[in-house]
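A.B. asks: The amino acid sequence is not available; the structure is as follows:
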(Lines give C-alpha, C1' and ligand atoms only; values in the text may rest on other atoms or scores of the structure.)
Protein backbone atom coordinates (compact mmCIF):
# COMPACT_ATOMS: atom_id res chain seq x y z
CA UNK A 1 0.00 0.00 0.00
CA UNK A 2 1.53 3.32 -1.12
CA UNK A 3 0.98 6.20 1.27
CA UNK A 4 1.64 9.87 0.64
CA UNK A 5 3.88 11.30 3.37
CA UNK A 6 3.95 14.90 2.11
CA UNK A 7 1.74 16.22 4.90
CA UNK A 8 3.96 14.91 7.71
CA UNK A 9 7.50 14.29 6.43
CA UNK A 10 10.51 16.51 6.99
CA UNK A 11 11.54 18.62 4.03
CA UNK A 12 13.80 17.22 1.33
CA UNK A 13 16.93 19.25 0.54
CA UNK A 14 15.40 20.70 -2.64
CA UNK A 15 12.60 22.22 -0.49
CA UNK A 16 14.90 23.80 2.09
CA UNK A 17 15.59 27.12 0.34
CA UNK A 18 11.92 27.88 -0.25
CA UNK A 19 11.07 27.09 3.37
CA UNK A 20 13.92 29.30 4.61
CA UNK A 21 12.67 32.11 2.33
CA UNK A 22 9.31 31.90 4.08
CA UNK A 23 10.96 31.82 7.52
CA UNK A 24 13.16 34.82 6.69
CA UNK A 25 9.98 36.84 6.10
CA UNK A 26 8.45 35.86 9.45
CA UNK A 27 9.02 38.74 11.89
CA UNK A 28 8.42 36.54 14.93
CA UNK A 29 10.96 33.92 13.81
CA UNK A 30 13.57 36.53 12.89
CA UNK A 31 13.09 38.11 16.32
CA UNK A 32 13.80 34.71 17.92
CA UNK A 33 17.01 34.39 15.85
CA UNK A 34 18.07 37.92 16.83
CA UNK A 35 17.61 36.95 20.49
CA UNK A 36 19.70 33.79 20.01
CA UNK A 37 22.41 35.64 18.05
CA UNK A 38 22.28 39.18 19.53
CA UNK A 39 25.64 40.29 18.07
CA UNK A 40 24.70 39.41 14.50
CA UNK A 41 22.91 42.13 12.46
CA UNK A 42 19.48 41.11 11.17
CA UNK A 43 20.45 41.40 7.51
CA UNK A 44 23.45 39.11 8.13
CA UNK A 45 21.20 36.58 9.90
CA UNK A 46 18.81 36.64 6.93
CA UNK A 47 21.66 36.30 4.42
CA UNK A 48 23.08 33.37 6.40
CA UNK A 49 19.68 31.71 6.66
CA UNK A 50 19.17 31.85 2.90
CA UNK A 51 22.63 30.39 2.25
CA UNK A 52 21.74 26.93 3.60
CA UNK A 53 21.09 24.35 0.90
CA UNK A 54 20.45 21.22 3.00
CA UNK A 55 18.91 20.40 6.38
CA UNK A 56 22.37 19.27 7.52
CA UNK A 57 23.77 22.74 6.65
CA UNK A 58 20.96 24.32 8.66
CA UNK A 59 21.62 22.07 11.66
CA UNK A 60 25.42 22.38 11.62
CA UNK A 61 25.66 26.11 10.89
CA UNK A 62 22.67 27.54 12.76
CA UNK A 63 21.29 25.07 15.33
CA UNK A 64 24.51 23.41 16.55
CA UNK A 65 26.28 26.64 17.68
CA UNK A 66 23.23 27.52 19.80
CA UNK A 67 23.22 24.02 21.34
CA UNK A 68 26.92 24.47 22.13
CA UNK A 69 26.04 27.73 23.89
CA UNK A 70 23.34 25.96 25.92
CA UNK A 71 25.70 23.14 26.86
CA UNK A 72 28.36 25.60 28.03
CA UNK A 73 25.99 27.90 29.94
CA UNK A 74 22.94 25.87 30.98
CA UNK A 75 24.51 22.48 31.78
CA UNK A 76 27.54 20.97 33.50
CA UNK A 77 28.16 18.96 30.36
CA UNK A 78 26.28 16.52 28.12
CA UNK A 79 27.43 12.94 27.57
CA UNK A 80 26.37 10.39 24.98
CA UNK A 81 27.25 6.87 26.17
CA UNK A 82 26.69 3.45 24.61
CA UNK A 83 27.87 4.02 21.05
CA UNK A 84 29.77 0.74 21.37
CA UNK A 85 26.39 -1.02 21.74
CA UNK A 86 25.24 -0.08 18.24
CA UNK A 87 26.51 -0.35 14.68
CA UNK A 88 26.69 3.33 13.75
CA UNK A 89 26.31 2.49 10.05
CA UNK A 90 22.77 1.16 10.73
CA UNK A 91 19.58 3.18 11.12
CA UNK A 92 17.72 2.80 14.42
CA UNK A 93 14.39 3.78 15.91
CA UNK A 94 15.47 5.43 19.18
CA UNK A 95 12.62 5.16 21.69
CA UNK A 96 13.35 7.30 24.74
CA UNK A 97 11.89 8.72 27.90
CA UNK A 98 10.75 12.32 27.51
CA UNK A 99 11.82 15.15 29.83
CA UNK A 100 12.13 18.29 27.72
CA UNK A 101 9.94 19.26 24.76
CA UNK A 102 12.79 20.56 22.58
CA UNK A 103 16.12 19.50 24.05
CA UNK A 104 15.66 15.72 24.39
CA UNK A 105 16.10 15.29 20.65
CA UNK A 106 18.18 18.44 20.06
CA UNK A 107 21.00 17.53 22.45
CA UNK A 108 21.00 13.97 21.05
CA UNK A 109 21.54 15.43 17.56
CA UNK A 110 24.35 17.69 18.79
CA UNK A 111 26.19 14.73 20.35
CA UNK A 112 25.69 12.60 17.23
CA UNK A 113 27.19 15.42 15.13
CA UNK A 114 30.21 15.55 17.42
CA UNK A 115 30.72 11.82 16.80
CA UNK A 116 30.38 12.28 13.01
CA UNK A 117 27.09 10.35 13.02
CA UNK A 118 24.10 11.54 11.01
CA UNK A 119 21.41 13.26 13.08
CA UNK A 120 18.01 11.67 13.62
CA UNK A 121 14.62 12.51 12.21
CA UNK A 122 12.45 13.72 15.09
CA UNK A 123 8.80 12.93 15.83
CA UNK A 124 6.96 16.09 16.96
CA UNK A 125 3.30 16.44 17.93
CA UNK A 126 1.28 18.95 15.90
CA UNK A 127 0.03 20.43 19.19
CA UNK A 128 3.43 22.15 19.41
CA UNK A 129 3.01 23.88 16.04
CA UNK A 130 1.53 26.87 17.82
CA UNK A 131 2.37 29.36 15.05
CA UNK A 132 2.22 28.45 11.34
CA UNK A 133 5.95 29.20 10.85
CA UNK A 134 6.95 26.62 13.49
CA UNK A 135 5.96 23.84 11.07
CA UNK A 136 8.39 25.16 8.47
CA UNK A 137 11.11 25.44 11.12
CA UNK A 138 10.78 21.90 12.47
CA UNK A 139 10.46 20.30 9.04
CA UNK A 140 13.66 22.04 7.92
CA UNK A 141 15.21 20.68 11.12
CA UNK A 142 14.53 17.02 10.13
CA UNK A 143 11.28 16.68 12.11
CA UNK A 144 8.13 14.89 10.99
CA UNK A 145 4.64 15.61 12.27
CA UNK A 146 2.59 13.38 14.58
CA UNK A 147 -1.11 14.29 14.31
CA UNK A 148 -2.88 14.66 17.65
CA UNK A 149 -6.51 15.07 18.72
CA UNK A 150 -7.98 13.23 15.74
CA UNK A 151 -11.43 11.71 15.49
CA UNK A 152 -11.60 7.94 15.89
CA UNK A 153 -12.21 7.63 12.15
CA UNK A 154 -8.93 9.36 11.32
CA UNK A 155 -6.72 7.83 14.03
CA UNK A 156 -6.23 4.53 12.15
CA UNK A 157 -5.26 6.19 8.87
CA UNK A 158 -2.93 8.67 10.58
CA UNK A 159 -1.25 5.96 12.71
CA UNK A 160 -0.70 3.77 9.68
CA UNK A 161 0.83 6.62 7.69
CA UNK A 162 3.08 7.53 10.62
CA UNK A 163 4.23 3.91 11.09
CA UNK A 164 4.90 3.48 7.37
CA UNK A 165 6.85 6.74 7.30
CA UNK A 166 9.06 5.63 10.21
CA UNK A 167 9.70 2.29 8.46
CA UNK A 168 10.42 4.12 5.19
CA UNK A 169 12.90 6.45 6.93
CA UNK A 170 14.78 3.60 8.59
CA UNK A 171 14.84 1.03 5.81
CA UNK A 172 14.71 3.11 2.60
CA UNK A 173 16.30 6.41 3.58
CA UNK A 174 18.66 4.68 6.08
CA UNK A 175 17.80 7.50 8.44
CA UNK A 176 17.56 6.97 12.22
CA UNK A 177 14.45 8.25 13.99
CA UNK A 178 13.84 9.57 17.51
CA UNK A 179 10.44 9.21 19.18
CA UNK A 180 9.30 9.52 22.79
CA UNK A 181 7.98 6.38 24.49
CA UNK A 182 4.69 8.12 25.22
CA UNK A 183 2.59 11.07 24.10
CA UNK A 184 3.77 14.08 26.09
CA UNK A 185 6.32 14.18 28.89
CA UNK A 186 6.01 11.99 31.98
CA UNK A 187 5.39 14.89 34.37
CA UNK A 188 6.36 12.83 37.43
CA UNK A 189 9.42 11.23 35.72
CA UNK A 190 7.77 7.82 36.08
CA UNK A 191 8.60 6.82 32.52
CA UNK A 192 6.38 4.14 30.93
CA UNK A 193 6.02 3.07 27.31
CA UNK A 194 2.51 3.47 25.95
CA UNK A 195 1.24 0.22 24.47
CA UNK A 196 -0.57 2.26 21.80
CA UNK A 197 2.86 3.35 20.51
CA UNK A 198 3.85 -0.29 19.96
CA UNK A 199 0.52 -0.95 18.21
CA UNK A 200 1.29 1.98 15.92
CA UNK A 201 4.77 0.55 15.17
CA UNK A 202 3.11 -2.73 14.20
CA UNK A 203 1.20 -0.94 11.42
CA UNK A 204 4.52 -0.39 9.63
CA UNK A 205 4.53 -3.87 8.06
CA UNK A 206 2.50 -6.89 7.00
CA UNK A 207 4.33 -9.57 9.05
CA UNK A 208 3.79 -10.75 12.63
CA UNK A 209 3.79 -8.22 15.47
CA UNK A 210 7.35 -8.95 16.59
CA UNK A 211 8.70 -9.17 13.02
CA UNK A 212 7.26 -5.74 12.22
CA UNK A 213 9.01 -4.30 15.27
CA UNK A 214 12.28 -6.11 14.51
CA UNK A 215 12.17 -4.47 11.08
CA UNK A 216 12.30 -1.06 12.80
CA UNK A 217 15.55 -1.84 14.66
CA UNK A 218 14.37 -0.39 17.99
CA UNK A 219 17.04 0.91 20.37
CA UNK A 220 15.77 2.22 23.72
CA UNK A 221 17.47 5.43 24.83
CA UNK A 222 17.70 6.62 28.42
CA UNK A 223 17.92 10.38 29.10
CA UNK A 224 18.91 11.75 32.52
CA UNK A 225 18.86 15.42 33.55
CA UNK A 226 20.35 16.35 36.91
CA UNK A 227 17.85 19.21 37.14
CA UNK A 228 14.64 19.71 35.19
CA UNK A 229 14.04 23.46 34.77
CA UNK A 230 10.36 22.76 34.08
CA UNK A 231 9.86 20.81 37.33
CA UNK A 232 7.90 23.63 38.99
CA UNK A 233 5.67 24.03 35.91
CA UNK A 234 4.95 20.30 35.96
CA UNK A 235 4.14 20.43 39.70
CA UNK A 236 1.81 23.37 39.06
CA UNK A 237 0.04 21.38 36.34
CA UNK A 238 -0.44 18.48 38.76
CA UNK A 239 -2.29 20.75 41.20
CA UNK A 240 -4.33 22.38 38.45
CA UNK A 241 -5.45 18.95 37.21
CA UNK A 242 -6.14 17.76 40.76
CA UNK A 243 -8.28 20.80 41.58
CA UNK A 244 -10.09 21.01 38.24
CA UNK A 245 -10.86 17.85 36.29
CA UNK A 246 -11.81 20.00 33.27
CA UNK A 247 -8.36 21.64 33.17
CA UNK A 248 -6.67 21.73 29.76
CA UNK A 249 -3.33 23.28 28.92
CA UNK A 250 -3.33 26.29 26.61
CA UNK A 251 -0.86 26.61 23.71
CA UNK A 252 0.74 29.45 25.69
CA UNK A 253 1.57 26.91 28.45
CA UNK A 254 3.54 24.82 25.96
CA UNK A 255 5.40 27.94 24.83
CA UNK A 256 6.37 28.73 28.43
CA UNK A 257 7.51 25.12 28.96
CA UNK A 258 9.61 25.28 25.78
CA UNK A 259 11.27 28.55 26.78
CA UNK A 260 11.95 27.51 30.39
CA UNK A 261 13.16 24.07 29.28
CA UNK A 262 15.63 25.53 26.78
CA UNK A 263 16.94 28.45 28.84
CA UNK A 264 16.83 26.88 32.33
CA UNK A 265 19.72 25.23 34.16
CA UNK A 266 19.95 21.46 33.73
CA UNK A 267 23.16 20.42 35.52
CA UNK A 268 24.63 17.21 34.10
CA UNK A 269 22.81 15.60 31.14
CA UNK A 270 23.47 11.99 30.12
CA UNK A 271 22.22 10.02 27.10
CA UNK A 272 22.63 6.25 27.29
CA UNK A 273 22.13 4.13 24.17
CA UNK A 274 21.10 0.65 25.27
CA UNK A 275 21.46 -1.32 22.02
CA UNK A 276 18.95 -3.02 19.73
CA UNK A 277 16.22 -5.18 21.32
CA UNK A 278 15.85 -7.46 18.27
CA UNK A 279 17.18 -10.60 20.01
CA UNK A 280 14.79 -10.11 22.93
CA UNK A 281 11.90 -9.57 20.49
CA UNK A 282 12.67 -12.94 18.85
CA UNK A 283 12.67 -14.58 22.27
CA UNK A 284 9.34 -12.99 23.21
CA UNK A 285 7.86 -14.30 19.93
CA UNK A 286 9.06 -17.82 20.71
CA UNK A 287 7.73 -17.84 24.27
CA UNK A 288 4.18 -16.61 23.65
CA UNK A 289 2.16 -16.12 20.45
CA UNK A 290 -0.57 -14.06 22.16
CA UNK A 291 -0.28 -10.52 20.77
CA UNK A 292 -1.54 -8.78 23.91
CA UNK A 293 1.03 -10.66 26.00
CA UNK A 294 3.74 -9.69 23.50
CA UNK A 295 2.74 -6.01 23.61
CA UNK A 296 2.87 -6.01 27.42
CA UNK A 297 6.25 -7.77 27.50
CA UNK A 298 7.80 -5.48 24.87
CA UNK A 299 6.62 -2.36 26.73
CA UNK A 300 8.14 -3.83 29.90
CA UNK A 301 11.37 -4.62 28.05
CA UNK A 302 11.75 -1.04 26.74
CA UNK A 303 10.93 0.37 30.18
CA UNK A 304 13.46 -1.88 31.88
CA UNK A 305 16.17 -0.87 29.41
CA UNK A 306 15.44 2.84 29.96
CA UNK A 307 15.14 2.53 33.73
CA UNK A 308 18.28 0.41 34.18
CA UNK A 309 20.35 2.93 32.23
CA UNK A 310 19.44 6.13 34.06
CA UNK A 311 22.35 8.11 35.45
CA UNK A 312 21.57 8.67 39.13
CA UNK A 313 22.63 11.97 40.69
CA UNK A 314 22.90 13.00 44.36
CA UNK A 315 19.55 14.82 44.19
CA UNK A 316 17.80 11.59 43.09
CA UNK A 317 19.15 9.83 46.20
CA UNK A 318 18.24 12.73 48.48
CA UNK A 319 14.71 12.86 47.03
CA UNK A 320 14.37 9.08 47.48
CA UNK A 321 15.34 9.28 51.16
CA UNK A 322 12.98 12.23 51.76
CA UNK A 323 10.10 10.51 49.96
CA UNK A 324 10.59 7.17 51.72
CA UNK A 325 11.48 8.83 55.05
CA UNK A 326 14.56 6.63 54.90
CA UNK A 327 18.35 6.88 55.23
CA UNK A 328 19.16 4.28 52.59
CA UNK A 329 21.47 6.54 50.56
CA UNK A 330 22.62 9.01 53.24
CA UNK A 331 26.27 7.92 52.86
CA UNK A 332 26.15 8.80 49.12
CA UNK A 333 25.58 12.52 49.58
CA UNK A 334 26.86 15.22 51.91
CA UNK A 335 24.92 17.40 54.32
CA UNK A 336 25.73 20.37 52.09
CA UNK A 337 24.29 18.56 49.03
CA UNK A 338 21.10 17.84 50.97
CA UNK A 339 20.81 21.46 52.12
CA UNK A 340 21.43 22.62 48.55
CA UNK A 341 18.65 20.37 47.25
CA UNK A 342 16.23 21.55 49.96
CA UNK A 343 17.12 25.13 49.01
CA UNK A 344 16.55 24.31 45.34
CA UNK A 345 13.07 22.92 46.13
CA UNK A 346 12.15 26.11 47.99
CA UNK A 347 13.37 28.24 45.08
CA UNK A 348 11.30 26.22 42.57
CA UNK A 349 8.20 26.28 44.82
CA UNK A 350 8.48 30.07 45.03
CA UNK A 351 8.13 30.27 41.23
CA UNK A 352 4.69 28.62 41.28
CA UNK A 353 1.84 31.11 41.01
CA UNK A 354 -1.55 29.73 42.02
CA UNK A 355 -4.57 31.32 43.71
CA UNK A 356 -4.76 28.54 46.28
CA UNK A 357 -1.26 27.12 46.53
CA UNK A 358 -0.97 23.72 48.19
CA UNK A 359 2.69 23.93 49.22
CA UNK A 360 2.86 20.44 50.73
CA UNK A 361 1.35 18.80 47.66
CA UNK A 362 3.56 20.76 45.27
CA UNK A 363 6.69 19.91 47.26
CA UNK A 364 5.73 16.23 47.24
CA UNK A 365 5.31 16.32 43.46
CA UNK A 366 8.75 17.90 43.02
CA UNK A 367 10.33 15.27 45.28
CA UNK A 368 8.59 12.45 43.35
CA UNK A 369 10.00 13.79 40.07
CA UNK A 370 13.54 13.39 41.38
CA UNK A 371 12.94 10.15 43.30
CA UNK A 372 11.12 8.18 40.58
CA UNK A 373 14.12 7.56 38.29
CA UNK A 374 15.99 5.96 41.19
CA UNK A 375 12.92 3.97 42.31
CA UNK A 376 12.51 2.64 38.77
CA UNK A 377 16.22 1.91 38.35
CA UNK A 378 16.30 -0.12 41.58
CA UNK A 379 13.31 -2.12 40.35
CA UNK A 380 14.86 -2.67 36.90
CA UNK A 381 18.14 -3.90 38.39
CA UNK A 382 16.51 -6.42 40.72
CA UNK A 383 18.06 -9.84 40.30
CA UNK A 384 15.24 -12.24 39.38
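C.D. replies: Received it, and whenever you're ready, just let me know what you need. Everything quoted here is computed from the prediction, not taken from an experiment.
A.B. asks: what's next to stretch 348-360, contact-wise?
C.D. replies: By Cβ atoms under 8 Å, 6 or more residues apart in numbering, the surrounding residues in contact with stretch 348-360 are 231, 232, 235, 236, 239, 240, 243, 362, 363, 366. C-betas here are computed from N, CA, C, even on glycine.
A.B. asks: Most neighbours out of those, which is it?
C.D. replies: Counting neighbours by other Cβ atoms under 10 Å, residue 235 leads those with 28 neighbours.
A.B. asks: quick one on the thing from earlier: filter the contacts of stretch 348-360 down to just the ones in helices.
C.D. replies: 231, 232, 235, 236, 239, 240, 243, 362, 363, 366 (DSSP state H).
A.B. asks: Need the nearest residue in space to residue 298, chain neighbours excluded.
C.D. replies: What sits nearest to residue 298 in space, not counting adjacent residues and going by Cβ to Cβ, 6 or more residues apart in numbering, is residue 198, at 5.7 Å.
A.B. asks: residues in contact with the one you found?
C.D. replies: Listed by Cβ under 8 Å, 6+ apart, the contact partners of residue 198 are 213, 295, 298, 299.
A.B. asks: Reduced to three states, what does it come out as?
C.D. replies: The three-state assignment at residue 198 reads helix, by DSSP: H, G, I helix; E, B strand; the rest coil.
A.B. asks: Need the pLDDT of it.
C.D. replies: Note for residue 198: predicted pLDDT of 98.
A.B. asks: go on, residue 345?
C.D. replies: Here, the pLDDT recorded for residue 345 equals 98.
A.B. asks: what's the spacing between it and residue 352?
C.D. replies: Counting by Cβ to Cβ, to the nearest Å, the gap from residue 345 to residue 352 is 11 Å.
A.B. asks: So those two - more neighbours on which side?
C.D. replies: Counted by other Cβ under 10 Å, residue 345 and residue 352 do not tie: residue 345 has more neighbours, with 22 against 16.
A.B. asks: What strand or helix carries the more buried one?
C.D. replies: Here residue 345, judged by DSSP states H and E, is contained in helix 335-350.
A.B. asks: For that helix, list every residue counted as buried.
C.D. replies: Buried residues in helix 335-350, counting neighbours by 16 or more other Cβ atoms under 10 Å, are found at 338, 341, 344, 345, 348, 349.
A.B. asks: Name all residues that make contact with the closest residue to the fourth one other than its chain neighbours.
C.D. replies: Read that as residue 345. Closest residue to residue 345 apart from its sequence neighbours, by Cβ to Cβ, 6+ apart: residue 366 at 5.6 Å. By Cβ under 8 Å, 6+ apart, the contact set of residue 366 is 231, 232, 235, 345, 348, 349.
A.B. asks: again with residue 260
C.D. replies: Residue 260 neighbours (Cβ under 8 Å, 6+ apart): 229, 230, 233.
A.B. asks: ok, so of those residues, who is nearest residue 270?
C.D. replies: residue 229 (16.4 Å; Cβ to Cβ).
A.B. asks: tell me the phi and psi of the closest one?
C.D. replies: Phi and psi for residue 229, reported as degrees, to the nearest 10, are phi -60, psi -20.
A.B. asks: Can you report how many residues neighbour it?
C.D. replies: Residue 229 has 22 neighbouring residues, counting by other Cβ under 10 Å.
A.B. asks: before we move on, back to that, I'd like the contacts of residue 366 laid out as a markdown table, including distance to residue 97.
C.D. replies: What follows is those, written out as a markdown table (distance: Cβ to Cβ, whole Å):
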| residue | distance to residue 97 |
| --- | --- |
| 231 | 15 |
| 232 | 20 |
| 235 | 18 |
| 345 | 22 |
| 348 | 21 |
| 349 | 25 |
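A.B. asks: Which one of those residues is nearest to residue 172?
C.D. replies: residue 231 (40.2 Å).
A.B. asks: Out of the contacts of residue 366, which is nearest to residue 115?
C.D. replies: Relative to residue 115, the closest of those is residue 231; by Cβ to Cβ it sits at 29.8 Å.
A.B. asks: Could I get the contacting residues of the closest one?
C.D. replies: Counting by Cβ under 8 Å, 6+ apart, residue 231 touches 348, 366, 369, 370.
A.B. asks: Next, the angle helix 231-243 makes with the helix holding residue 345.
C.D. replies: Interaxial angle, helix 335-350 versus helix 231-243 (axes from the mean of the first three to the mean of the last three Cα atoms, to 10 degrees): 50 degrees.
A.B. asks: Let me see the contact set for the closest residue to residue 119 other than its chain neighbours.
C.D. replies: Using Cβ to Cβ, 6+ apart and skipping residues adjacent in sequence, the residue nearest residue 119 is residue 109, 4.1 Å away. Counting by Cβ under 8 Å, 6+ apart, residue 109 makes contact with 59, 63, 67, 119, 120, 122, 142.
A.B. asks: quick one: which of these sit in strands?
C.D. replies: Among the contacts of residue 109, the members falling in strands are residue 122 (criterion: DSSP state E).
A.B. asks: Can I get the buried residues of helix 335-350 in a markdown table including distance to residue 260?
C.D. replies: Formatted as a markdown table, those follow (distance: Cβ to Cβ, whole Å):
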| residue | distance to residue 260 |
| --- | --- |
| 338 | 25 |
| 341 | 19 |
| 344 | 15 |
| 345 | 17 |
| 348 | 11 |
| 349 | 15 |
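A.B. asks: Tell me the one among those nearest to residue 183.
C.D. replies: The closest of those, once distances to residue 183 are taken by Cβ to Cβ, is residue 348, at 25.3 Å.
A.B. asks: where does that closest one land on pLDDT?
C.D. replies: 98.
A.B. asks: And for residue 315?
C.D. replies: 98.
A.B. asks: which outside residues touch stretch 137-145?
C.D. replies: 5, 7-11, 16, 19-20, 23, 29, 55, 58-59, 63, 109, 119-126, 129, 135, 165, 169.
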